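# got a sequence here, can you build the structure:
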Amino acid sequence: MAEQYAGMAIGVFELESECICFVALDAAAKAADVKIQAVERNRLKAGACVKMRGTVSNVKAAMEAALDAAKGRSKVVSHTVIAAPSEDTETAIAMTIGK
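Reported below is the predicted structural model:
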(Lines give C-alpha, C1' and ligand atoms only; values in the text may rest on other atoms or scores of the structure.)
Protein backbone atom coordinates (compact mmCIF):
# COMPACT_ATOMS: atom_id res chain seq x y z
CA MET A 1 0.00 0.00 0.00
CA ALA A 2 2.79 2.47 0.86
CA GLU A 3 4.28 2.13 -2.61
CA GLN A 4 1.25 3.74 -4.23
CA TYR A 5 1.95 6.93 -2.24
CA ALA A 6 5.71 7.07 -2.90
CA GLY A 7 6.88 10.62 -3.53
CA MET A 8 3.58 12.20 -2.47
CA ALA A 9 3.20 14.87 0.18
CA ILE A 10 1.28 13.96 3.35
CA GLY A 11 -1.38 16.14 4.92
CA VAL A 12 -2.61 15.26 8.39
CA PHE A 13 -5.32 16.93 10.41
CA GLU A 14 -6.92 15.94 13.69
CA LEU A 15 -10.26 17.16 14.97
CA GLU A 16 -12.14 16.60 18.21
CA SER A 17 -15.17 15.30 16.29
CA GLU A 18 -14.98 12.17 14.14
CA CYS A 19 -18.19 13.17 12.38
CA ILE A 20 -16.80 16.56 11.38
CA CYS A 21 -13.62 14.80 10.18
CA PHE A 22 -15.77 13.22 7.46
CA VAL A 23 -17.25 16.60 6.57
CA ALA A 24 -13.74 18.06 6.40
CA LEU A 25 -12.26 15.20 4.36
CA ASP A 26 -15.16 15.47 1.91
CA ALA A 27 -14.40 19.18 1.47
CA ALA A 28 -10.70 18.37 1.04
CA ALA A 29 -11.35 15.71 -1.60
CA LYS A 30 -13.65 18.04 -3.53
CA ALA A 31 -11.23 20.99 -3.35
CA ALA A 32 -8.12 19.31 -4.73
CA ASP A 33 -6.76 16.13 -6.27
CA VAL A 34 -5.85 14.23 -3.11
CA LYS A 35 -6.25 10.63 -1.99
CA ILE A 36 -7.57 10.00 1.50
CA GLN A 37 -5.11 7.47 2.94
CA ALA A 38 -6.70 6.87 6.34
CA VAL A 39 -9.15 8.03 8.96
CA GLU A 40 -8.29 6.90 12.47
CA ARG A 41 -10.06 7.41 15.78
CA ASN A 42 -7.83 9.23 18.20
CA ARG A 43 -7.52 8.96 21.94
CA LEU A 44 -9.72 11.97 22.52
CA LYS A 45 -13.37 11.51 23.39
CA ALA A 46 -14.77 11.27 19.87
CA GLY A 47 -12.10 12.70 17.60
CA ALA A 48 -10.24 11.41 14.59
CA CYS A 49 -7.17 11.95 12.46
CA VAL A 50 -7.22 12.13 8.65
CA LYS A 51 -4.22 11.43 6.42
CA MET A 52 -4.32 12.53 2.81
CA ARG A 53 -1.77 12.34 -0.02
CA GLY A 54 -1.04 14.23 -3.22
CA THR A 55 1.20 16.93 -4.63
CA VAL A 56 2.30 19.62 -2.18
CA SER A 57 0.04 22.22 -3.77
CA ASN A 58 -2.97 19.89 -3.81
CA VAL A 59 -2.43 18.79 -0.21
CA LYS A 60 -2.12 22.41 0.92
CA ALA A 61 -5.31 23.38 -0.95
CA ALA A 62 -7.14 20.35 0.46
CA MET A 63 -5.91 21.12 3.98
CA GLU A 64 -7.18 24.69 3.72
CA ALA A 65 -10.59 23.45 2.56
CA ALA A 66 -10.75 20.82 5.32
CA LEU A 67 -9.88 23.27 8.09
CA ASP A 68 -12.32 25.82 6.69
CA ALA A 69 -15.09 23.18 6.66
CA ALA A 70 -14.32 22.27 10.27
CA LYS A 71 -14.20 25.88 11.47
CA GLY A 72 -16.88 26.52 14.06
CA ARG A 73 -17.96 22.86 14.07
CA SER A 74 -15.05 21.14 15.80
CA LYS A 75 -11.83 22.07 17.51
CA VAL A 76 -8.78 21.52 15.32
CA VAL A 77 -6.36 19.57 17.51
CA SER A 78 -3.48 19.75 15.03
CA HIS A 79 -2.63 19.84 11.34
CA THR A 80 0.48 19.67 9.19
CA VAL A 81 1.75 19.10 5.66
CA ILE A 82 4.93 17.09 5.07
CA ALA A 83 6.13 18.00 1.60
CA ALA A 84 8.72 15.26 1.14
CA PRO A 85 8.34 12.48 3.71
CA SER A 86 11.45 10.46 4.48
CA GLU A 87 11.52 6.69 4.14
CA ASP A 88 11.34 6.39 7.95
CA THR A 89 8.28 8.63 8.01
CA GLU A 90 6.63 6.48 5.34
CA THR A 91 7.36 3.39 7.45
CA ALA A 92 5.88 5.00 10.57
CA ILE A 93 2.77 6.11 8.68
CA ALA A 94 2.30 2.60 7.24
CA MET A 95 2.67 1.09 10.74
CA THR A 96 -0.05 3.33 12.23
CA ILE A 97 -2.43 2.52 9.39
CA GLY A 98 -1.84 -1.21 9.79
CA LYS A 99 -3.02 -1.21 13.43
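# what pairs with residue 81 across the strands?
Residue 81 has these beta-bridge partners by DSSP bridges: residue 11.
# what distance do you get for it to residue 72?
22 Å (CB to CB, to the nearest Å). C-betas here are computed from N, CA, C, even on glycine.
# and the two? Which one has more around it.
residue 81 (15 against 7; other CB atoms under 10 Å).
# residue 27 reaches residue 63, doesn't it?
No - if you go by CB atoms under 8 Å, residue 27 and residue 63 don't touch, sitting 10.3 Å apart.
# quick one, which of those two is more surrounded?
residue 63 (24 against 18).
# spatially, what comes nearest to the more buried one if we skip its sequence neighbours?
Nearest non-adjacent residue to residue 63, counting by CB to CB, 6 or more residues apart in numbering: residue 11, 4.8 Å away.
# in this structure the one you found contacts residue 78, no?
No - counting by CB under 8 Å, residue 11 stays clear of residue 78, with 11.7 Å between them.
# got a list of contacts for stretch 37-44?
5, 10, 14, 16, 18, 21-22, 25, 47-53, 77, 93, 96-97, 99 (CB atoms under 8 Å, 6 or more residues apart in numbering).
# let's see that with 10 Å instead.
1-2, 4-5, 8, 10-12, 14-18, 21-22, 25, 47-54, 75, 77-78, 93-94, 96-99 (CB atoms under 10 Å, 6 or more residues apart in numbering).
# of the residues you listed, buried ones?
5, 8, 10-12, 14-18, 21, 25, 47-54, 93 (16 or more other CB atoms under 10 Å).
# would you map the strands across the protein?
Along the chain, the stretches classed as strands by DSSP state E are 9-15, 35-41, 48-54, 76-82.
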